[in-house]
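S.K.: Provided below are the primary sequence and the corresponding predicted coordinates.
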Amino acid sequence: MKNLLESCDMIFPLKELIEYDESMYEITVAASRRAYQLSSVLEKDEKEDYDGKMVALAALQVFTKEVQFRLESE
């Protein structure tokens with residue numbers, strides 16, 4: 001029997017979220033900031049390619065290390 005996470009095409013990267021073992025706060029902030037960036041720079045037709053799901057796209061980019069992040073201390 002296939003693992004449910006492997007057999008489904010999900011919008012949000014749940015497998016990566018479940019397997020992530022570092023700071024949940026940092027990854028949440030990074031994905032949130034990246035989603036804001038994407039919503040600002042992508043054109044409407046580019047957003048439609050992802051069904052307008054900028055948070056899911058941002059989370060996928062952060063989890064797969066397509067984009068790097070670091071939080072600066074205040």
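M.R.: Alright, I've got the coordinates. Numbers count the residues shown, from 1 in each chain.

S.K.: what residue is smack in the middle of the protein?
M.R.: For the chain, the residue nearest the mean C-alpha position is residue 59 (0.8 Å; CA atoms, centre = their mean).

S.K.: Tally up the residues packed near the spatially closest residue to that residue that is not a sequence neighbour, please.
M.R.: Nearest non-adjacent residue to residue 59, counting by CB to CB, 6 or more residues apart in numbering: residue 31, 4.3 Å away. To be clear about C-beta, it is placed using only N, CA and C from the backbone, and glycine gets the same treatment. If you count neighbours by other CB atoms under 10 Å, residue 31 ends up with 25.

S.K.: Please apply the same query to residue 43.
M.R.: Residue 43 has 8 nearby residues by other CB under 10 Å.

S.K.: Now for the residue lying closest to residue 51 once chain neighbours are set aside: which residues touch it?
M.R.: Nearest residue to residue 51, sequence neighbours excluded (CB to CB, 6+ apart): residue 11, at 7.3 Å. Shown in contact with residue 11 (CB atoms under 8 Å, 6 or more residues apart in numbering): 51, 53, 56.

S.K.: Let's verify residue 11: helix, strand, or coil?
M.R.: Here residue 11 is coil, with the state taken from DSSP: H, G, I helix; E, B strand; the rest coil.
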